[in-house]
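>>> Predicted model, plus sequence, below.
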Amino acid sequence: MTIGISRSTGAADASEWAGKGAQIRLESVTKDFGLAHPAVDNVTLTIEPGEFMTFLGPSGSGKTTTLNLIAGFETLTSGTIRLDSQDVSTLPAHKRNLGMVFQNYALFPHMTVAGNIAYPLRERKVPKPEIERRVAEVLELVQLQGRDKHYPSQLSGGQQQRVALARAIVFHPRALLLDEPLGALDRNLRAALQLEIRRIHREVGTTLVFVTHDQEEAMNLSDRIALFHDGRIEQVGSPENLYAEPETLFTARFLGDSTVFALGNQSVSGTVVWEDERWAVDPATVAQRARGGGDTALVVRPESIGIARDRAQVPGGANAVRARVRDIEYMGAYRTLVLSVGQEGVSGRARIPAADKNYAIGDEVVAWWHPDAQRIVAA
Amino acid sequence: MTTLLNPADTAATETPARPVRWWRRRRASADPTPVWLTIVGVFVALYLVLPTLIVIPMSFSEASTFVFPPRGHSLWLYRNFFTNDRWLDSLRNSVIVAASAAAIATVVGTAAALGLHQLRGRRSARFLQSALMFPILTPSIVIATAVYISFLRWHLVGTFTGYVLAHAALATPFVLATVTSALGTFNPTYLRAAASLGASPWRSFLTVTLPLISRGVATGAVLAFVTSFDEVVIALFIRSPKFQTLPVQMYNSVTVEIDPTIAASSSLIVVTVSFIFLVALLSSARRNRSGSTRPRRSVVRRTR
């Protein structure tokens, strides 16, 4: 009998792994540590089988606590967590069958790479030849063949995180939970491991919940992003949806750059007034949550803003405002003009071609954009 | 002499060689320890060790009383020790009592350290920690009196159980201290990792926690053994003609019998205890060199 690696990564593995992802349902999940605000406040969310879901948010927003509640490391104050139809709210962590990857890897230092990866299989009393076969298979999946006899301390950070990933998927968990897994790695390694995680997710096909505070990482990886703010979910949607159609100022600011004009509580139908400018409003660009009254803000992405020398050069139908160039950042592929906008001097950003050297710091210019490129959000 | 000049040589010839005095030379090197400190250190070490080592030449003396310097050399004190039932019985009693007390103290001390580690940061934990350290701080004579009074009532005076219980209580704080310090470098995320991988709390203790704190547990066990082995104050209070430990027999041999065999037994104890500690020290040094313990991140960043 040969125990060696007879299968290749890709299609063969997918057939073994695919369809193993569970649906995760959070119903009014609340965790209160007894501080001023609940750490997680009435969160309801359904993560679909096989989905790559990212919990994004600043530190203290409740994303890691929510992940720990799913993993079973914290007990719920109220609410229900279901894996498929099973209520796991009070099930201890070691019976939930969820794979977890930690920011600081948490590899057992007294076990070899193979020992670490075999650990969940040994705890499940998988027969020895089967353990050997699966360890070899998963080492190939994370591209660490031949490292099985090394100790974690002999590996680089990136390699250690691959081992942690292998250990978390080798027992075919119902879902894979990753808590800022790339947080301790340098920039280049992060990019490489992001690709790796996406590939593994594709090949394994499991449900994956990924926690990060890095919006770029979230945009690169996710099927959907749940943006956390003060223990609540601010907005859930695809990366495109969150970037192009933010509902609130918090979402608009957290994902990508934008120039923000506070509108107060004026009516946002037809036109809006900001300082001494009057701007046209495209009804399609008004967020759902900005329609019910209350304070709103108008936001424009840097790539949507055009720059003109004077009002005569602004295309017809565009909204415009005067601005002063405060700084110019050369980004290689383009230049960013850092603007001081209006009388108030609101900070703004506009993207211009890298070859455009017509502007200097201190220039008085006109910033303009088309009404369908702006977004009016709840402030 | 014709040699190729490398830059270092030219530099040396350009700066006029200043005579470097020997006591300055050391200070200029990478080792910043001044010579006078080394000398003081050697004297302190001798001061600490010599009184203990004096018993070794004494144990080879021919004289039938204590004389220093020892007269002649012979092994008759050792023959005495190994042929006299009183000495051998008390040695055997001491070993069995110390092993039993160490076993109890190791289990209890480790459990206490783990429990306190879970509660760390809370005021109750600090209070409990101090309370458990009490036997180290309390004068032994006070403990001995208390033990004697309670053991009289419980009929434990002069019994094997009595010795083991009293010594285990005395030795537990040492285990608590060494295991607590071992847990200081233990990353609690390992327990979450083990749980996520399907290990029950008991299994994760056996497969993860215990191997990683094993050195602290072993050190604690050795300290507990030694604590019991050379405990004399409580042992004097609760001794009986039927059951004596080695330190009590030694005390008797000096105060009652004026028997120089104590020199041989002392030497045996010194050599045995040193050997145990040396083995522990060397094995831990070897483990450090192998590099299987990596420097852990002291701060585990957590967001909620």
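Ah, there it is.

>>> Wasn't B:Leu223 part of a helix?
Yes - read with DSSP: H, G, I helix; E, B strand; the rest coil, B:Leu223 is one of the residues of a helix.

>>> ok, the closest residue to it other than its chain neighbours to B:Ala146 distance?
Of all residues not flanking B:Leu223 in the chain, B:Phe174 sits nearest, at 4.0 Å (CB to CB, 6 or more residues apart in numbering or on different chains). To be clear about C-beta, it is placed using only N, CA and C from the backbone, and glycine gets the same treatment. The gap separating B:Phe174 from B:Ala146 is 19 Å, by CB to CB, to the nearest Å.

>>> hmm, back to that, contact partners for the residue nearest to B:Leu223?
The contact partners of B:Phe174, by CB atoms under 8 Å, 6 or more residues apart in numbering or on different chains, come to B:105, B:109, B:136, B:220, B:223-224, B:227.

>>> Over to the closest residue to A:Glu180 other than its chain neighbours. Which of the three states is it?
Leaving aside its chain neighbours, A:Glu180 sits nearest to A:Gln103 (4.3 Å; criterion: CB to CB, 6+ apart). Three-state assignment for A:Gln103 (three-state DSSP): coil.

>>> Touching, A:Gln103 and A:Gly183? I think so.
Yes - when contacts are counted by CB atoms under 8 Å, A:Gln103 is listed as touching A:Gly183 (4.7 Å).

>>> more neighbours, those two?
Comparing A:Gln103 with A:Gly183 by other CB atoms under 10 Å in any protein chain shown, the one with more neighbours is A:Gln103, at 24 against 18.

>>> which parts of stretch B:129-139 are buried?
Neighbour-count burial for stretch B:129-139, counted by 16 or more other CB atoms under 10 Å in any protein chain shown, picks out B:129, B:132, B:135.

>>> I'd assumed the second one was in a helix, is it?
Yes - read with three-state DSSP, B:Leu132 is one of the residues of a helix.

>>> give me every residue that touches it.
B:112, B:116, B:172-173, B:176.

>>> again, but for B:Val179
Contacts of B:Val179 (CB under 8 Å, 6+ apart): B:109-110, B:113-114, B:213, B:216-217, B:220.

>>> which among those gets closest to chain A?
Taking CB to the nearest CB as the measure, chain A lies nearest B:Ile213 of the contacts of B:Val179, at 10.6 Å.

>>> Need the three-state assignment for the nearest residue to A:Lys63 once chain neighbours are set aside.
Nearest non-adjacent residue to A:Lys63, counting by CB to CB, 6+ apart: A:Phe55, 3.8 Å away. For A:Phe55, the assignment made with three-state DSSP gives strand.

>>> what's the spacing between A:Phe55 and chain B?
10 Å (CB to the nearest CB, to the nearest Å).

>>> Let me know whether that residue touches A:Leu69 as I believe.
No - shown here, A:Phe55 and A:Leu69 do not form a contact pair, counting by CB under 8 Å, at 11.2 Å.

>>> in what helix or strand does A:Thr336 lie?
Under the criterion of DSSP states H and E, A:Thr336 resides in strand A:334-341.

>>> Next secondary structure element downstream of that strand?
On the C-terminal side of strand A:334-341, the closest following helix or strand by DSSP H and E is strand A:346-353.

>>> ok, then the element right after that following strand?
strand A:364-369.

>>> neighbour-wise, which of A:Phe55 and A:Leu69 wins?
A:Phe55 (31 against 24).

>>> residue contacts, that one?
Contacts of A:Phe55 by CB under 8 Å, 6+ apart are A:63-64, A:66-67, A:209-212, A:226, A:228.

>>> Specify which member of those is nearest to chain B.
A:Thr64 (4.6 Å).

>>> Show me how far stretch A:365-377 is from its chain's centre.
The chain centre lies 26 Å from the centre of stretch A:365-377; the measure is CA atoms, centre = their mean, to the nearest Å.

>>> same deal with stretch A:44-52?
14 Å.

>>> mind listing what's buried in that stretch?
A:45, A:47, A:49-52.

>>> And for stretch A:321-336?
So, applying 16+ other CB under 10 Å, buried residues of stretch A:321-336: A:321-323, A:325-326, A:328, A:335-336.

>>> how about those residues in CSV, adding secondary structure?
Output for those, formatted as CSV (three-state DSSP):
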residue, secondary structure
A:Val321, strand
A:Arg322, strand
A:Ala323, strand
A:Val325, strand
A:Arg326, strand
A:Ile328, strand
A:Arg335, strand
A:Thr336, strand
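
>>> Let's have these in TSV, adding distance to chain B.
Below are the buried residues of stretch A:321-336 laid out as TSV (distance: CB to the nearest CB, whole Å):
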residue	distance to chain B
A:Val321	38
A:Arg322	41
A:Ala323	37
A:Val325	37
A:Arg326	33
A:Ile328	35
A:Arg335	35
A:Thr336	30
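
>>> pLDDT added to these, as TSV?
Formatted as TSV, those follow (pLDDT from 0 to 100):
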residue	pLDDT
A:Val321	94
A:Arg322	92
A:Ala323	94
A:Val325	94
A:Arg326	94
A:Ile328	93
A:Arg335	92
A:Thr336	93
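
>>> so A:Thr112 touches A:Ser153, yeah?
No - counting by CB under 8 Å, A:Thr112 stays clear of A:Ser153, with 10.8 Å between them.

>>> Can you show me the helices along chain A?
Remark: helices assigned in chain A by DSSP state H are A:11-17, A:63-71, A:113-123, A:128-141, A:157-169, A:187-204, A:215-221, A:239-244, A:249-254.

>>> Can you list the helices and strands that the second one packs against?
The one in question is helix A:63-71. strand A:24-31, strand A:40-47, strand A:52-56, strand A:175-179, strand A:207-212, strand A:224-229 (3 or more CB pairs under 8 Å, 6 or more residues apart in numbering or on different chains; DSSP states H and E).

>>> nearest residue to residue 93 other than its sequence neighbours?
Here I'm looking at chain A. A:Gly72 (3.3 Å).

>>> Not quite, go with chain B.
B:Thr245 (5.3 Å).

>>> count of residues packed around that neighbour?
30.

>>> my read: it touches B:Asp89, true?
No - with contact defined as CB under 8 Å, B:Thr245 does not count as touching B:Asp89 (9.9 Å).
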